[in-house]
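Let's see this in three dimensions:
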Amino acid sequence: MREPEMKERRRLPRRHLMFHLRVFDTTTGEHVGNLFDISHDGIMLVGEEPLPVGERRSLEMHLPVEVFGRGRIGFAATPAWSSNDIQPELYDIGLGKLRMEDADRAVLERLIAEYGTVE
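Purely as a prediction, here's the structure:
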């Protein structure tokens, strides 16, 4: 499914963050992208390579320890779409079906509430 179709189906508003957090694949250690926007059930990354759609990934988002009291949150997500960014050397990647521990979910909720701006 392409990104514009996902936007129309989206139930929760996305929030753009005031800073971009790095996201890594925990299996390979590969940097997959930087967080661009976020909702309670999905995120959008901007990365240098597309991610295979439908392939569940184990990921971690690196956080500033001085702000969140911890350096990262872990989660599993499935890429729902991947398309060229406005900058042709980059890709927009939509991740959905987020699965995470309750403690990590609480940090995600705080991230959205305190540091996001409404789209």
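
Now Glu109. Its backbone dihedrals?
Backbone dihedrals for Glu109, given as degrees, to the nearest 10, come out at phi -60, psi -40.

Over to His62?
Given degrees, to the nearest 10, the pair of backbone angles that His62 has is phi -80, psi 140.

so what's it up against?
Applying CB atoms under 8 Å, 6 or more residues apart in numbering to His62 gives the contacts 21-24, 71-72. From N, CA and C alone the C-beta is placed, and that goes for glycine too.

make it 6 Å
Neighbour list for His62: 22, 72 [criterion: CB atoms under 6 Å, 6 or more residues apart in numbering].

ok, now how distant is Asp85 from Val107?
Between Asp85 and Val107 the computed distance is 27 Å (CB to CB, to the nearest Å).

Which of those two has more residues huddled nearby?
More neighbours surround Val107 than the other of Asp85 and Val107, with 18 against 14 (other CB atoms under 10 Å).

can you tell me the helix or strand for the residue nearest to the spatial centre of the chain?
Geometric centre of the chain, nearest residue: Ile43, 3.5 Å, by CA atoms, centre = their mean. For Ile43, the host element (DSSP states H and E) is strand 42-47.
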